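Visitor: Sequence below, structure please.
(one chain, ligands or ions: 1)
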Amino acid sequence: MTRFIFITGGVVSSLGKGLASAALGACLQARGFKVRLRKLDPYLNVDPGTMSPYQHGEVYVTDDGAETDLDLGHYERFTGVASRKSDNITTGRIYSDVIARERRGDYLGATVQVIPHVTNAIKDFIKSDVTDEDFVLCEIGGTVGDIESLPFLEAIRQLANELGRERTMFIHLTLLPYIPSAGELKTKPTQHSVKELLSVGIQPDLLMCRSERDIPEGERKKIALFCNVRYQAVIPALDVDTIYQVPISYHEQGLDAEVCRHFHIESAEPKLDRWTNIVERVRQPEGEVTIAVVGKYTSLLDSYKSLAEALTHGGIANNVKVRLNWIDSQIFEREDAVQYLEPCHGILVPGGFGERGASGKIEAVRFARERKVPYFGICFGMQMAVIETARNLAGLDHASSTEFGPSDEPVVGLMTEWLKGGALEKRKANGDLGGTLRLGAYECHLKPGSRAREIYGSDVISERHRHRYEVNMDYRPVLEKAGLSFSGLSPDGVLPEIVEYPDHPWFIGVQFHPELKSKPFAPHPLFTSFIAAALRQSRLV
Ligand code: GLN
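Guide: Model prediction:
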């Protein structure tokens, strides 16, 4: 029997609901339960694919090719359960489906309304694609009180009524602000937020109270009394020094025990050694390396969430702290790159879109290649590495990407056709922007004897993609003559997936996004190897 846990947020946004949900998932999983995590987003975009990284942070891509909210990354990193298309929905998608059905005449002449048609569609989504999971955790995006979240709250209220309270649970995450002049943690915003929930018919079963300091017993009792929850179900969610401590802290505060109690389930204490090991390593590193991340969206670090995590995982694997030096590549148009890059032990150019800042990234590649500093190019970072080779080693001065406009030497070009599972996928140059990239998991064959093959320890790998342009294979001979090896190709040999310089200490460009699959307890081999190379570099300088 699958049970549903709904997680809402109150008082303010950015309380870390995604992380809290992921941590609860990890605790339940550590008790031996099968879990699944989902996110319901109240905005009108059909998916976050077309949203600016500055506004919405990273777009997390699933194996099955969905462009989803970055919280799905937390879920996957904390539970190891691969996210799917059916784990993220937005108001935009719900409405576009409901309207498409209305146009087809599926509603048989009925007046189509938010209740029941939109709420039914939300409920169908929540219950869909569930098999033998013990728990499905559904995080509701936004903050209680927002107009946009109302249909979602109404849908989960109805669902709890239909499935019964023994199969559903409401968790509300709030904030207890500390007022220094009064020397007190304040419970009033939590009381108001719970009232807001009650006004739509939802009585929370458990409150998670974010707080920067210990919550005195008196305050905890007060919250329990005013918000109508058991004292033990007021869970302090205190700030911690590393996110990997979150499942441990929540467990210590009784979160998972209280969830089991709610559902009347007896279960053994969770095995959390996986997390204690990681926390120990993070707290006691044996060294430190500095990595320059030369990108464009460096003013909002959520844009590179998975990347920052994967680099940290690489550090965990090597027992070192990874210090990230975020550099906006545009600065290299005005200032010398050397002063920024010289103190770093590795250089990474991450995924990106558009011409702005591209020349600075190419400059970073050149520095890494010439100075033999470990270089890791991801997606756009691989494309820039190839353009750098073409321009500076192959003598193609005008080498460019057609993403930046028409080019005489389109070393990187628009991809209009490719194979997916034996079927041909096609795109038009002037087609829709949303959902039309090459998305999701694709296989890649590795060249025997290459560094990529050695790192992965396997001939065939599968990695997730999100791009529209591709290195143009017509240029392969001239690029190879310049020393760049094509060490990973699509199974049909048509699409380049990995390039590397065999005579460089560590120089790899990948067309996919390996950061999306890295986990703290299973660091991605490319990141482990890159950080190991940076560590060697740090001993040289
Ligand atoms: N803009 C490039 C493309 O569309 C790279 C995309 C990326 O880095 N994710 O191919």
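
Visitor: Write out the residues of the stretch 251-400 of the chain neighbouring the ligand.
Guide: Listed as neighbours of the ligand in the stretch 251-400 of the chain under the rule C-beta under 6 Å from any ligand atom: 351-353, 379-380. In short, each C-beta sits where N, CA and C put it, glycine included.

Visitor: Which ones among these map onto helices?
Guide: Counted as lying in helices by DSSP state H, out of those, are residue 380.

Visitor: what residue is smack in the middle of the protein?
Guide: What sits nearest the mean C-alpha location of the chain, by C-alpha atoms, centre = their mean, is residue 73, with 3.2 Å.

Visitor: The nearest residue to it once chain neighbours are set aside and residue 321: what is the separation?
Guide: Among residues not flanking residue 73 along the chain, residue 60 sits closest, at 4.4 Å (C-beta to C-beta, 6 or more residues apart in numbering). Relative to residue 321, residue 60 is positioned 25 Å away (C-beta to C-beta, to the nearest Å).

Visitor: what do you get for residue 366?
Guide: For residue 366 relative to residue 321 (C-beta to C-beta), the value is 28 Å.

Visitor: just how off-centre is the host helix or strand of residue 367 within its chain?
Guide: Here residue 367 sits within helix 358-371, counting by DSSP states H and E. When distances are taken as C-alpha atoms, centre = their mean, to the nearest Å, helix 358-371 is centred 27 Å away from the chain's centroid.

Visitor: quick one: buried residues of the helix or strand containing the residue nearest to the centre of the chain?
Guide: Using DSSP H and E, residue 73 sits within helix 71-79. Across helix 71-79, burial judged by 16 or more other C-beta atoms under 10 Å covers 71-79.

Visitor: So which bits of the protein are right by the ligand?
Guide: 351-353, 379-380, 403, 466-469.

Visitor: Mind picking the two most distant members of those?
Guide: With distances taken as C-beta to C-beta, the most widely separated pair in these is 403 and 466, at 13.8 Å.

Visitor: The helix holding residue 367 - contacts with which helices or strands?
Guide: If you count contacts as 3 or more C-beta pairs under 8 Å, 6 or more residues apart in numbering; DSSP states H and E, helix 358-371 packs onto strand 288-295, helix 337-341, strand 346-349, strand 375-378, helix 380-392.

Visitor: Just give the number of residues close to residue 299.
Guide: Applying other C-beta atoms under 10 Å, we find 10 residues neighbouring residue 299.

Visitor: gap between it and residue 393?
Guide: For residue 299, the distance to residue 393 - C-beta to C-beta - is 33 Å.

Visitor: same check, this time on residue 442
Guide: 28 Å.

Visitor: of the two, who's got more company?
Guide: Comparing residue 442 with residue 393 by other C-beta under 10 Å, the one with more neighbours is residue 442, at 23 against 17.

Visitor: what pairs with the more buried one across the strands?
Guide: Taking DSSP bridges as the rule, residue 442 bridges to residue 463.

Visitor: give me every residue that touches it.
Guide: Contact partners of residue 442, counting by C-beta atoms under 8 Å, 6 or more residues apart in numbering, are 420, 462-463, 465, 490, 497, 512.

Visitor: min pLDDT across those residues, which one?
Guide: Comparing pLDDT over the contacts of residue 442, the lowest score belongs to residue 420 (67).

Visitor: nearest spatial neighbour of residue 410, skipping sequence neighbours?
Guide: With C-beta to C-beta, 6+ apart, the residue lying closest to residue 410 is residue 402, at 4.9 Å.

Visitor: The one you found contacts residue 413, correct?
Guide: Yes - judged on C-beta atoms under 8 Å, residue 402 makes contact with residue 413 at a distance of 4.9 Å.

Visitor: Can you pull the residues that touch both of those two?
Guide: residue 469.

Visitor: List the residue ranges of the stretch 401-541 of the chain that fall below the pLDDT cut-off.
Guide: 417-422, 424-425, 427, 429-430, 432-435, 541 (pLDDT under 70).

Visitor: Quick one: the strands in it, in order.
Guide: Using DSSP state E, counting those that start in this stretch, the strands of the stretch 401-541 of the chain run over residues 409-414, 417-420, 423-426, 438-446, 460-467, 469-471, 485-489, 496-500, 507-510.

Visitor: Make JSON lines out of these and add distance to residue 19.
Guide: Converted to JSON lines, these look like this (distance: least, C-beta to C-beta, whole Å):
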{"stretch": "strand 409-414", "distance to residue 19": "36"}
{"stretch": "strand 417-420", "distance to residue 19": "33"}
{"stretch": "strand 423-426", "distance to residue 19": "35"}
{"stretch": "strand 438-446", "distance to residue 19": "25"}
{"stretch": "strand 460-467", "distance to residue 19": "21"}
{"stretch": "strand 469-471", "distance to residue 19": "33"}
{"stretch": "strand 485-489", "distance to residue 19": "33"}
{"stretch": "strand 496-500", "distance to residue 19": "32"}
{"stretch": "strand 507-510", "distance to residue 19": "27"}
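
Visitor: burial count for the residue nearest to residue 410?
Guide: 16.

Visitor: show me what contacts it?
Guide: Residues counted as contacts of residue 402 (C-beta under 8 Å, 6+ apart) are 410, 412-414, 469.

Visitor: what does residue 169 give?
Guide: 3-6, 205-206, 259, 262-263.

Visitor: Surely it forms part of a strand?
Guide: Yes - the assignment for residue 169 is a strand, going by DSSP: H, G, I helix; E, B strand; the rest coil.

Visitor: do you know how far it is from residue 4?
Guide: As judged by C-beta to C-beta, residue 169 and residue 4 stand 7 Å apart.

Visitor: Give the residue spans of the protein that score low on pLDDT.
Guide: For the chain (pLDDT under 70), the answer is 417-422, 424-425, 427, 429-430, 432-435, 541.

Visitor: do that again at 80, thanks
Guide: Counting by pLDDT under 80, the chain shows low-confidence ranges at 52-56, 297-301, 415-436, 541.

Visitor: Mind naming the longest helix for it?
Guide: When the chain is parsed with DSSP H, its longest helix is helix 525-540.

Visitor: buried set for it?
Guide: 525-535, 537-538.

Visitor: can you list those in CSV and add distance to residue 303?
Guide: Formatted as CSV, these follow (distance: C-beta to C-beta, whole Å):
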residue, distance to residue 303
525, 24
526, 20
527, 18
528, 23
529, 24
530, 20
531, 21
532, 26
533, 25
534, 22
535, 26
537, 26
538, 27
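
Visitor: Which parts of the stretch 151-300 of the chain are strands?
Guide: Using DSSP E, counting those that start in this stretch, strands in the stretch 151-300 of the chain cover 168-175, 178-179, 184-185, 206-211, 234-238, 288-295.

Visitor: got CSV for those, with distance to residue 218 too?
Guide: Output for the strands of the stretch 151-300 of the chain, formatted as CSV (distance: least, C-beta to C-beta, whole Å):
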stretch, distance to residue 218
strand 168-175, 17
strand 178-179, 15
strand 184-185, 10
strand 206-211, 14
strand 234-238, 12
strand 288-295, 43
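
Visitor: Which of the ones you listed sits closest to residue 327?
Guide: Using C-beta to C-beta, those put strand 288-295 closest to residue 327, at 4.9 Å.

Visitor: how far does the closest one sit from the chain's center?
Guide: 19 Å.

Visitor: Against which helices or strands is it packed?
Guide: Counting by 3+ C-beta pairs under 8 Å, 6+ apart, strand 288-295 packs on helix 305-318, strand 321-328, strand 346-349, helix 358-371, helix 525-540.
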